[in-house]
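Asks: Just a sequence and a predicted model for now, questions to come.
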Amino acid sequence: MIAAAIVALLITLALTLIRAFMGPSIYDRILAVNSFGTKTVLFIVVGGHALGWFSYVDIALMYALVNFIGTLAVMRFFEQYSPHGERS
Amino acid sequence: MIIIGWLSDVCLLLGGFLVLTGAVGLLRLPDFFTRLHAASVTETLGAVLLIIGIMLDTGLMLDTAKLILLICVMFIANPTITHGLCRAAAHGGIKPAMETKSPMQNSTPSDSKNIYENQIQTETGVSGKAPK
Amino acid sequence: MIANLELVIDICLLAFLIMIVFASIKITDLFAVTMLFGIFSFVSALLFLDLDAVDVAFTEAAVGAGFTTVLMLSALRLTTRFENVKHRHSLLGLPIVILTGAALLYGVADFPNMGDANAPIHHHLAPDFIRLTQQKIDIPNIVTAVLASFRGYDTFGETVVIFSAGAAVLMLLGMGHVERKQEPEKNLILWVVVKPMIALILIFGLYVQFHGDFGAGGGFQAGVIFASGFILYSLVFGETYARKVIPATILPRLSALGVLIYGVTGLMSLISNKPFLDYNALSSNPVGGQHLGILLVEAGVGLAVFSTILLIYYSFSGREVIHYE
Amino acid sequence: MNEILGHFNYGIVILLMMMGLYIVIASSNLIKKLIGISVFQVSVFILYITFGKITGGNPPIIVDNVDVYSNPLPHVLILTAIVVGVATTSVGLALIVRIREAYGSTDEDDINDIDKNDNFYLKNRSTT
């Protein structure tokens, strides 16, 4: 069953990646990137258990925190940026 | 013991299925808010199920506590991000594709298509295109 | 079966990496490219995990995916968002890249297969490190032992490099002015959620700092995680409050203090006629001396990295945007 | 088959490296160049870590009942290289910010044009 979960997660990662490439708006990309991060955490937990990676839970916890901070940072800076951001 | 193994398998399968569904929704649904919905709702439940499945499989040890902490973090962080993103998008002028003219009257499909295309055009510097 | 699964994951992740870089060549919105680069770091960290490099994955996730993204975004705020597509030299680039790639591929053909236990790299130094760590230092994490003790000179150099990078950014950009900056809008949900999250991040940072001898982690990672906590505070509550919690003026001093702790630990061994950075001199029991030395050195590294990272963040985010018409 | 799988990682690493190099050469935006350099850097990290891997090996953290550990030395080198990499990236970004403030652009071609049109030193040299 774990192998099935890993394969499902790999497919999920690929699909999320496609959405991140397609856009179309910047918010779609932010959503896709955040969702990619969450699925990475799940991948570490499931894959780490299946393959016996050392102290995988610590790393998964840190990924979750970093993902949270990163997405908040993107939202914050985009909000700061957008009033004059459309000039090229 | 065997029952716990079964339970873990069921959790893993269900979680994997939910996460996969969420990704398909993220790819296929027509506008930002529906995609947000698809990604966040299934992802939160799927993540928790997957982690519970792993927890049942490892048995009771120090990692279990950390995994519970991880569930807490994801359970709080994901909805928060969804909320913030939704709010930012609404402020940033993203409109739902199926916007109705009045609560009583549903818009025709061609109308909603137009609104959606307008929204795509206002976003500058984007190389992607709308999904069919 | 397990080895096959490892290989499958390896191939999938490498394919993801290629896809991400290819997309970021095509996309002209630098905001999107920066976010894709964040994903790139995430995926490469996963790859490091798959290739048994736990500590490296830890560092890459904290530094590459977390801090570099924040840094690039705050630099984008001060510059322009879109790339000018007309100014592309694709014709110049392609032949150079193809020629270089072909030459490198020719060179790679002689390499031993991946994962080959008989490759030359595994016969020199590495077995000694693994054996000596068990005998003389007696901590589980070989990477920490090599980093802090066997190659302590190197790590001292790296710490000084980070310190001087912080000094260079400070000289180029300055501390910034807080009062004229646009503060974030009040968002109650974020405020409530982020407060316990910051506490969790800081505790996790301390755990990584002091658990580095036994599992993945160490001073570099802990410093970045600790700084991320304060960066999160500044993102949600505004720069003004963040600078009240940790004033920008003490950060350069803390950074210098970190390097100083490392250097003084090295000097202590000189007093008892041992070489620089030989921790055996720190205690009557050589193994205990090694433990104490690694603890001190990691603390110095953690302090230096934490304050430098936060200093760089303050320098970027405190700078006023200049508008050109 | 074994030969191809054994060299697969090296080939992909070189492809990544060349894509990074291509970004540096082809794009004239300075921030994008910096991202290209970072891509190049990460591909070198992957190369090193690939060298350190032993099939069936364990992470270099000593555990009971395990004999084969992957090579710890590349891990140490790359760990410090990552942190130094972010330090140099931040210095590069700071320089780009100052260039933007002085020239009003982060585009290399624009900056060259501005330099050609009014370069104080060039003018002085031509008159004396």
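Replies: Great, that's in hand. Residues are numbered from 1 along each chain as shown, chains lettered A, B, ... in the order given.
Asks: Tell me which residue of chain D lies closest to chain A.
Replies: Proximity of chain D to chain A (CB to the nearest CB) peaks at residue D:59, 4.3 Å away. Yep, even glycine has a C-beta here, placed from its N, CA and C like the rest.
Asks: Go ahead and confirm that residue touches residue D:69.
Replies: Yes. Counting by CB atoms under 8 Å, residue D:59 touches residue D:69, with 7.3 Å between them.
Asks: Comparing those two, which residue is more hemmed in?
Replies: Relative neighbour count places residue D:59 above the other of residue D:59 and residue D:69, with 27 against 23, counting by other CB atoms under 10 Å in any protein chain shown.
Asks: show me what contacts that one?
Replies: A:53-54, C:52-54, D:69-70 (CB atoms under 8 Å, 6 or more residues apart in numbering or on different chains).
Asks: Against residue D:11, how distant is it?
Replies: 25 Å (CB to CB, to the nearest Å).
Asks: Distance of residue C:323 relative to residue C:78?
Replies: To residue C:78, residue C:323 is 11 Å away according to CB to CB.
Asks: Looking at these two now, which is surrounded by more residues?
Replies: Higher neighbour count among residue C:323 and residue C:78: residue C:78, with 22 against 8, using other CB under 10 Å.
Asks: How much space separates that one from residue C:84?
Replies: 18 Å.
Asks: one step back: where helices are concerned, which of the contacts of residue D:59 count?
Replies: residue C:54 (DSSP state H).
Asks: Scan the contacts of residue D:59 and report the most crowded one.
Replies: Neighbour-wise, those (other CB under 10 Å) top out at residue C:53, 32 neighbours.
Asks: Quick check, pLDDT for the residue nearest to residue B:97 when sequence neighbours are not counted.
Replies: The shortest distance from residue B:97 to any non-neighbouring residue, by CB to CB, 6 or more residues apart in numbering or on different chains, is to residue B:31 (3.7 Å). pLDDT, the model's per-residue confidence, is 86 for residue B:31.
Asks: The one 10 residues further on too?
Replies: Residue B:41 carries a pLDDT value of 84.
Asks: Contacts only, for the residue lying closest to it once chain neighbours are set aside.
Replies: Distances taken as CB to CB, 6+ apart place residue B:22 nearest to residue B:41, at 7.5 Å, with adjacent residues excluded. Shown in contact with residue B:22 (CB under 8 Å, 6+ apart): A:12, A:35, B:38-39, B:41-43, B:46.
Asks: How many neighbouring residues does residue D:112 have?
Replies: Residue D:112: 12 neighbours (other CB under 10 Å).
Asks: From residue D:99, how far out is it?
Replies: Counting by CB to CB, the gap from residue D:112 to residue D:99 is 12 Å.
Asks: For the residue of the stretch 101-250 of chain C found nearest chain D, give me phi and psi.
Replies: Residue nearest to chain D within the stretch 101-250 of chain C (CB to the nearest CB): residue C:113, separated by 2.8 Å. With angles defined as degrees, to the nearest 10, residue C:113 sits at phi -60, psi 150.
Asks: where does the closest residue to it other than its chain neighbours land on pLDDT?
Replies: Leaving out its chain neighbours, the residue that sits closest to residue C:113 by CB to CB, 6+ apart is residue D:6, at 2.8 Å. Among the per-residue scores, residue D:6 shows a pLDDT of 80.
Asks: Quick check: residue D:11 vs residue C:47, distance?
Replies: With CB to CB as the criterion, residue D:11 and residue C:47 are 15 Å apart.
Asks: Then residue B:5?
Replies: 31 Å.
Asks: Quick check, pLDDT for residue 84.
Replies: No chain specified, so I'll use chain A. At residue A:84, the predicted lDDT confidence score is 43.
Asks: try again with chain B
Replies: Confidence score, pLDDT, at residue B:84: 88.
Asks: helix/strand/coil for the residue nearest to residue D:95 when sequence neighbours are not counted?
Replies: Of all residues not flanking residue D:95 in the chain, residue C:172 sits nearest, at 6.5 Å (CB to CB, 6+ apart). Secondary structure assignment for residue C:172 (DSSP: H, G, I helix; E, B strand; the rest coil): helix.
Asks: can you count the residues close to residue C:172?
Replies: With other CB under 10 Å as criterion, residue C:172 counts 17.
Asks: same thing with residue C:153?
Replies: Residue C:153 has 12 neighbouring residues, counting by other CB under 10 Å.
Asks: name the element it belongs to?
Replies: helix C:152-173 (DSSP states H and E).
Asks: That helix - contacts with which helices or strands?
Replies: helix C:250-271, helix C:286-317, helix D:72-103 (3 or more CB pairs under 8 Å, 6 or more residues apart in numbering or on different chains; DSSP states H and E).
Asks: Return the angle between stretch directions for that helix and helix C:250-271.
Replies: Using axes from the mean of the first three to the mean of the last three CA atoms, to 10 degrees, the direction of helix C:152-173 lies 160 degrees away from that of helix C:250-271.
Asks: now what about helix C:152-173, what contacts it?
Replies: C:147-148, C:252, C:255-256, C:258-259, C:262-263, C:266, C:276-277, C:297, C:300-301, C:304-305, C:307-308, C:311-312, C:315-316, C:319, D:76, D:80, D:83-84, D:87-88, D:90-91, D:94-95, D:97-98.
Asks: Just the buried ones from those?
Replies: C:147-148, C:252, C:255-256, C:258-259, C:262-263, C:266, C:277, C:297, C:300-301, C:304-305, C:307-308, C:311-312, C:315-316, C:319, D:76, D:80, D:83-84, D:87-88, D:90-91, D:94-95, D:97 (16 or more other CB atoms under 10 Å in any protein chain shown).
Asks: in chain D, which spans are strands?
Replies: Secondary structure of chain D (DSSP state E): no strands located.
Asks: Quick check: residues of it near chain A?
Replies: Within chain D, the residues that sit near chain A (CB under 8 Å from any CB of the partner chain) are D:58-59, D:61, D:63.
Asks: List only those of the residues you listed flagged as buried.
Replies: D:58-59, D:61.
Asks: any idea which residue sits dead centre in the chain?
Replies: All of this refers to chain A. Chain A has residue A:37 as the residue nearest its centroid, 1.8 Å off, counting by CA atoms, centre = their mean.
Asks: oops, I was thinking of chain C
Replies: Most central in chain C (CA atoms, centre = their mean) works out to residue C:63, at 3.5 Å.
Asks: Surely it is in contact with residue D:89?
Replies: No. Using CB under 8 Å, residue C:63 is not in contact with residue D:89, being 9.8 Å away.
Asks: Kindly state the beta-bridge partners for the residue of chain D found nearest chain B.
Replies: Of all residues in chain D, residue D:29 sits closest to chain B, at 12.7 Å by CB to the nearest CB. Beta bridges link residue D:29 to residue D:107 when assigned by DSSP bridges.
Asks: wait, what's in contact with the closest residue in space to residue B:55 that isn't next to it in sequence?
Replies: Beyond its immediate neighbours in the sequence, the residue positioned closest to residue B:55 (CB to CB, 6+ apart) is residue B:67, lying 5.1 Å away. By CB under 8 Å, 6+ apart, the contact list for residue B:67 reads A:45, A:57, B:51, B:54-55, B:58.
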